[in-house]
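> Fold the following for me, if possible:
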Amino acid sequence: NDGQLAADLGVGRTPVREALKRLETDHLVISYPRRGTFATIVDITELADVSELRQLLEPLAARKAARYAGPDLRAELNSVARTIEELAHATEKPEKKALMRYDLTVHRLIYKAAGNRHLEDSLIRYDNLATRIWCLVLDK
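Numbers count the residues shown, from 1 in each chain. Next comes the predicted model:
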């Protein structure tokens, strides 16, 4: 219910409708006229399809990031890499959700560093779908 969401979030209905449209474009929700908007079913078999696309696009993003990333993004990537390296050698293993957050951070930084807004948007959309599936099966 977009009206209820808007009230709960303390914003107008227009930004909520726009957000729901974007989530629908990203296949994360589905809207039914006069019924409402619902989260889509998480289907683990979609992971293969999403991964196939990411395997094609992520090397392109990584190559472009290696060529075009500015000093600020490089510093941020190095900082995240150092943190992940420290986690790998820590005596106490980090929780799985924390590792997922670092995975998201690394991917998003690489996408951004590639300097291609369309490539970044596409990869974020596919990464969101994959992350949603991984979060569902994370504890299994």
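> can you map out the strands along this protein?
29-32, 36-39 (DSSP state E).
> which neighbours does the last one have in its sheet, and in what orientation?
Read it as strand 36-39. strand 29-32 (antiparallel) (DSSP bridges).
> For the partner strand, which outside residues touch it?
20, 23-24, 37-40 (C-beta atoms under 8 Å, 6 or more residues apart in numbering). (C-beta placed from N, C-alpha, C; glycine too.)
> buried subset of these?
Those of these that meet the buried threshold are 20, 23, 37, by 16 or more other C-beta atoms under 10 Å.
> Could you report the pLDDT at the residue of the chain positioned farthest from its centre?
For the chain, the largest distance from the centre (C-alpha atoms, centre = their mean) belongs to Arg34, which lies 29.7 Å off. Looking at Arg34, its pLDDT is 84.
> Kindly report the same for Arg13.
At Arg13, pLDDT is 91.
> Repeat that for Ile110.
In this model, Ile110 carries a pLDDT of 96.
> Now for the closest residue to it other than its chain neighbours, how many residues are close by?
Once flanking residues are discounted, Ile110 sits nearest to Ala65: 4.9 Å by C-beta to C-beta, 6 or more residues apart in numbering. Using other C-beta atoms under 10 Å, Ala65 has 20 neighbouring residues.
> same question, Leu9
There are 11 residues near Leu9, going by other C-beta under 10 Å.
> can you check Val11 too?
Neighbours of Val11 under the rule other C-beta under 10 Å: 12.
> re earlier: for Ile110, state which of the buried ones among the contacts of strand 29-32 is nearest.
Using C-beta to C-beta, Leu23 comes nearest to Ile110 of the buried ones among the contacts of strand 29-32, at 23.4 Å.
> so what's the closest one up against?
29, 37.
> Go again with 7 Å.
Leu23 is in contact with Val29, counting by C-beta atoms under 7 Å, 6 or more residues apart in numbering.
> Cool, thanks, talk later.
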